[in-house]
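Colleague: what follows is a predicted protein model with its sequence.
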Amino acid sequence: MARGQDTPPEALRQAPHDFDAEVAVLGALLCPPDLQNPSHEVEVVRSILSPSDFYEEAHKYIARAIFALAEEGESTDILAVAQKLREDGKLDEVGGIPYLTRLVDDRPPGVDIVRQAERIKVLALKRRLIAELEKAKAKLHEEKADPAEVLAHLSLLVEEAMTPPSQRFIPLEEYFDLPPGEWLIPDLLPRPGLVILAGRPKVGKSLMALDLALAVGMGGKALGRLDVEHSGKVLYLALEENPAKKLEMLLPPEVREREEIQTNVKVAERWPPLEAGGLWELKKALVEHPDAVLVVIDPLARLRRPPKAGSDVYTLDVQVLGALQVLAREHNVTILALHHTRKAPALSEDAFTSVLGSTGITGVADATLLLKRTKGEDQAELLVEGRNIEFQTFALQWNRGWTLVGKAEEVRMSEENQEVLDLLREFGEMHLRDIAEALGKPLPVVKQRLYRLRLAGKVERVGRGVYRLKEQGELPALPELPSYFVTNGGEEPKNPTTNGNSDSPPESNKVTEVTEVTEVTPIPPSPQRDDDPDPPPRPTTLALVNEAKKVLGEIFRSIGEALARDDRGGDDGGRPPPQKF
């Protein structure tokens, strides 16, 4: 039988192949039992072979046409395939309809099509390995060739070749039976997974990563308060600077000498780029340390080669980061890679768009941590999002390392509310407008804060727009005095003197005599509703509030003297003494 169009036999012997096997497979596919639908054999062969696995160029074109028709649910008989080849401009190149007819006529009867397809696959793999070895041989002859890079490329090729497509899939029911993902640190570091920790230079990313690594290696708390669920060995690639100085900052000498740190945290300061054998070396390291649970790469840029001009950066990011993610899953570890953010502001309201590089980096990562800190400040925010992580923002405080204070929104609200409480504690009762003026905030913002504080039972409203701190029951209440209680002529009573000892009785027991009792009718308060509109500006000022405080102080001193007289017996010696403060 003719092999394509004028193909010399010597060319077919240049590489491993089986021409008869290719004829047997294609002849069977061109003769479907049902001329309206593709045969079952097509689906079987498609699961084993791709068009490029055929050695003869004509057979590659024919296989591509057959697979395309089957994908569309069309018949793969000779006429249908011929029409598809005509549309692709390849019919004459393969030998026309006569060659397709000879493929059907020359196919051996009773052949096992699956076995022939598997043989074609093995021979295609041999040809590919021969070609790659020739490339590797030529590469190694170059003066600046990196043997590790060549070895890594060949190892990945062999691993891919040794995993048949049928083993890369699992039944859906088995997929649902897979164990759920675990955590190294809940809601922060999933296991397994690839996690990106991004931030601007010098904001404290390395110190945070080292804190997480020490917590995982030693067990205990991360960032001062997060529990570590799985502790174990940590492989730390410190490619930018030696972590010794950071350790001195984070840990006292006695802790640095602990056995867990010496045993469970391993540091490497040099590593080849991922594209130049670094990925293969990392895989070897994980094989040598099967008890490792965390790998830290600080920073990721030191393990990447600069992209060539005109290259597709997104595709490169997806390929390299995807390889790291696969490595993490294969060895059930968490890979924490530190990365930079852009100097310019984020491209959109999504803060994670500030991560340097293409969106392929955050798209591949299982979780992304974004550290935001204003230069010179000892506070920061950590934004967290991921596939199985609800978006959160944590507040951090710097104190010889990062400490997680709580959720940023709760901390921010607490600080804002504390401003109001401090103001009321200093000045007593204040009007809404005075509070807004003192804080330099708009009225609606201050009203919202006061509303939250009222719900929390921290403040109370005592008039239209007037607020004060609500008593929390820390001190016993003073006894109520009649509304008609007035002193002689309104003069301020003198304080009793002591002998230098607070427990000694006063030198003078003279009591100010009440000479006049006047009935005072209280003024009824005006009707008040919680939903009243903003009242007009009041004439009260902070100065009037201070003056009122002085008057209240005089009244309370008078009350204190009266209570002191009762404590000494006085005219009503039989009266029980009041409760002491």
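Modeller: Happy to help now that I have it.

Colleague: buried residues in stretch 215-233, which are they?
Modeller: The neighbour-count check on stretch 215-233 (16 or more other C-beta atoms under 10 Å) flags Ala215, Val216, Gly217, Met218, Ala222, Leu223, Leu226, Val228, His230, Ser231, Gly232, Lys233 as buried. Backbone N, C-alpha and C define where each C-beta goes, glycine included.

Colleague: any idea how far Val265 is from the fourth one?
Modeller: Spelled out, it's Met218. Counting by C-beta to C-beta, to the nearest Å, the separation of Met218 from Val265 is 8 Å.

Colleague: kindly report the same for the first one.
Modeller: In this structure, Ala215 lies at 11 Å from Val265, with C-beta to C-beta as the measure.

Colleague: got it, and the third one?
Modeller: Taken as C-beta to C-beta, the spacing of Gly217 relative to Val265 amounts to 4 Å.

Colleague: identify the contacts common to the two.
Modeller: Taking C-beta atoms under 8 Å, 6 or more residues apart in numbering as the criterion, Gly217 and Val265 both touch Lys233, Val234.

Colleague: now do the same end-to-end measure for stretch 374-388.
Modeller: Across stretch 374-388, the terminal residues are separated by 29 Å (C-alpha to C-alpha, to the nearest Å).

Colleague: what helix or strand is the spatially most central residue of the chain on?
Modeller: What sits nearest the mean C-alpha location of the chain, by C-alpha atoms, centre = their mean, is Val384, with 3.0 Å. For Val384, the element it lies in under DSSP states H and E is strand 379-386.

Colleague: returning to that earlier point: spatially, which two of the buried residues of stretch 215-233 are the most separated?
Modeller: Leu223 and Lys233 (20.5 Å; C-beta to C-beta).

Colleague: residues contacting Lys550?
Modeller: By C-beta under 8 Å, 6+ apart, Lys550 has no neighbours at all.

Colleague: so it sits in a helix?
Modeller: Yes. The assignment for Lys550 is a helix, going by DSSP: H, G, I helix; E, B strand; the rest coil.

Colleague: distance of the nearest residue to Thr341 once chain neighbours are set aside relative to Lys343?
Modeller: Once flanking residues are discounted, Thr341 sits nearest to Ser354: 4.4 Å by C-beta to C-beta, 6 or more residues apart in numbering. Using C-beta to C-beta, one gets 9 Å for the distance from Ser354 to Lys343.

Colleague: one more: Leu125?
Modeller: In this view, Leu125 and Lys343 are 48 Å apart by C-beta to C-beta.

Colleague: okay, the two: which has more neighbours?
Modeller: Leu125 (17 against 9; other C-beta atoms under 10 Å).

Colleague: how is this structure divided into domains?
Modeller: The domain map for the chain lists 1-178, 182-387, 410-469, 488-568, with the assignment taken from automatic domain parsing.

Colleague: dump those domains into JSON lines; add mean pLDDT and distance to Asn399 as well.
Modeller: Shown next, in JSON lines, are the domains of the chain (pLDDT from 0 to 100; distance: least, C-beta to C-beta, whole Å):
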{"stretch": "domain 1-178", "mean pLDDT": "79", "distance to Asn399": "41"}
{"stretch": "domain 182-387", "mean pLDDT": "86", "distance to Asn399": "8"}
{"stretch": "domain 410-469", "mean pLDDT": "83", "distance to Asn399": "15"}
{"stretch": "domain 488-568", "mean pLDDT": "52", "distance to Asn399": "36"}
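
Colleague: so can I have JSON lines of the ones you listed showing distance to Trp398?
Modeller: Below are the domains of the chain laid out as JSON lines (distance: least, C-beta to C-beta, whole Å):
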{"stretch": "domain 1-178", "distance to Trp398": "40"}
{"stretch": "domain 182-387", "distance to Trp398": "4"}
{"stretch": "domain 410-469", "distance to Trp398": "14"}
{"stretch": "domain 488-568", "distance to Trp398": "36"}
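
Colleague: most tightly packed of those?
Modeller: Among these, domain 182-387 has the highest mean neighbour count (mean count of other C-beta atoms under 10 Å), at a mean of 18.

Colleague: straight-line length of that one, end to end?
Modeller: End to end - C-alpha to C-alpha - domain 182-387 spans 13 Å.

Colleague: now swap in stretch 350-359 and tell me
Modeller: Terminal-residue distance, stretch 350-359 (C-alpha to C-alpha): 12 Å.

Colleague: what residues does it touch?
Modeller: 196, 198, 313-314, 317, 339-342, 345-347, 361-362, 368, 370, 372, 383, 385.

Colleague: sort out which of those are in helices and list them.
Modeller: Val313, Tyr314, Asp317, Ile361, Thr362 (DSSP state H).

Colleague: skipping its backbone neighbours, what lies nearest the fourth one in space?
Modeller: With sequence-adjacent residues excluded and distances taken as C-beta to C-beta, 6+ apart, Ile361 is closest to Asp317, at 5.2 Å.

Colleague: how near is that neighbour to Leu300?
Modeller: From Asp317 to Leu300 the distance is 10 Å (C-beta to C-beta).

Colleague: same question, Glu41
Modeller: Taking C-beta to C-beta, one finds Glu41 at 48 Å from Leu300.

Colleague: circling back: of all the domains of the chain, which one is nearest Gln397?
Modeller: Taking these one by one with C-beta to C-beta, domain 182-387 is closest: 5.9 Å.

Colleague: how about the contacts made by the closest residue to Val203 other than its chain neighbours?
Modeller: Computed as C-beta to C-beta, 6+ apart, the closest residue to Val203 that is not its neighbour in sequence is Arg373, at 4.4 Å. Going by C-beta under 8 Å, 6+ apart, Arg373 touches Gly199, Arg200, Val203, Gly204, Gln379, Ala380, Glu381.

Colleague: okay, and the beta partners of the first one?
Modeller: To tie it back to what came earlier, the one meant is Gly199. Beta-bridge pairing of Gly199 under DSSP bridges involves His340, Leu371.

Colleague: cheers, nothing more for now.
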